[in-house]
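Novice: predicted model and sequence below, questions to follow.
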Amino acid sequence: MFYFDPLYFLMIAPALALGFYAQWKVKSTYAKANQQPARLSGAATARHVLDEAGLQSVSVEQIPGHLSDHYDPRSKVLRLSPEVYNGRTMAAVGIAAHEAGHALQDAHGYAPLVVRNAAVPIANFGSKSAMIMFIGGIVLANMGVAFGNQLFLLGIILFAAGVVFQIVNLPVEFNASSRAKLLLVDRGIVPEDEMYHVNKVLNAAALTYVAATLQAILTLMYYVIRYAGSRD
């Protein structure tokens, strides 16, 4: 069956291994950093960074969920999970500063963020529609309907849009983490010699994005190989 093709699992095995390692790394580094006290809470850190950058109009809100933290560029709102919002730990401070970094990117017109935000609707549509195209294409092709291969190709194009989004997202996340590290030290929120745990948390989080992008690229390659094979 298509869904259990050994080639697929063989191709994405490196990405799966990296993904499992990244998830373990995030959990372990977050747990350790969550035991290290900080001078400010996550909410206070975000507010301080935003105010220093002249972004008083960007609000900081608490939302439910575990590590559900994100910056909403449409509403100009930085949303933090309860643990991060209220936590006075290195983990909370690091994550809050990272999200504040996205707000600074937005305010400064950081090009990769602009491209990523513009690509969100296309990527969402592509990721939701691609699998339907793949399944429909396979069923029709197996029935001898010529249009099946064209439908499968359309699925590849739609899925590729999501892959492009993943690739563009990498520099956005890396840059936000870099900004966070500099901001925490420059604003005196975390002394440079105490940045160890913050660096570990942000680096581990970045690794999850790398793993997700690698899996998306390898999956796209698999679909292209399948399509090329069906054409032969």
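Specialist: Now that the structure is in, tell me what you want to look at.

Novice: every contact and neighbour count from this point should use C-alpha atoms.
Specialist: OK.

Novice: how far away is the residue most central in space within the chain from residue 119?
Specialist: By CA atoms, centre = their mean, the chain has its centre lying nearest to residue 209, at 5.0 Å. Relative to residue 119, residue 209 is positioned 17 Å away (CA to CA, to the nearest Å).

Novice: over to residue 180?
Specialist: Residue 180 sits 24 Å away from residue 119, going by CA to CA.

Novice: ok, the residue nearest to the centre of the chain touching residue 170?
Specialist: Yes: the pair residue 209 / residue 170 is scored as a contact, 6.6 Å apart, by CA atoms under 8 Å.

Novice: pull the helix or strand with minimum mean pLDDT from this structure.
Specialist: Least confident helix or strand of the chain, by mean pLDDT, DSSP states H and E, is helix 111-142 with a mean of 82.

Novice: packing partners of that helix?
Specialist: helix 90-107, helix 147-186 (3 or more CA pairs under 8 Å, 6 or more residues apart in numbering; DSSP states H and E).

Novice: can you give me the angle it makes with helix 147-186?
Specialist: 160 degrees (axes from the mean of the first three to the mean of the last three CA atoms, to 10 degrees).

Novice: so which bits of helix 111-142 are buried?
Specialist: Buried residues in helix 111-142, counted by 16 or more other CA atoms under 10 Å: 112-113, 116-117, 119, 123, 126-127, 130-131, 133-138, 140-141.

Novice: for the residue nearest to the centre of the chain, give me its contacts.
Specialist: 166, 170 (CA atoms under 8 Å, 6 or more residues apart in numbering).

Novice: output the below-cut-off pLDDT ranges for this structure.
Specialist: 1-4, 144, 146, 230-232 (pLDDT under 70).

Novice: burial of residue 145, as a residue count?
Specialist: The number of residues packed near residue 145 is 12, by other CA atoms under 10 Å.

Novice: so it, which of the three states?
Specialist: coil (DSSP: H, G, I helix; E, B strand; the rest coil).

Novice: roughly how far does it sit from residue 227?
Specialist: 15 Å.

Novice: same thing with residue 46?
Specialist: The value you get for residue 46 to residue 227, if CA to CA is used, is 47 Å.

Novice: comparing those two, which shows the higher neighbour count?
Specialist: More crowded of residue 46 and residue 227, by other CA under 10 Å: residue 46, with 31 against 19.

Novice: how about the contacts made by the more buried one?
Specialist: So residue 46 contacts 60, 93, 96, 97, 99, 100 (CA under 8 Å, 6+ apart).

Novice: excluding chain neighbours, what is closest to the fourth one?
Specialist: What that stands for is residue 97. Excluding the flanking residues, the one nearest residue 97 by CA to CA, 6 or more residues apart in numbering is residue 180, at 4.8 Å.
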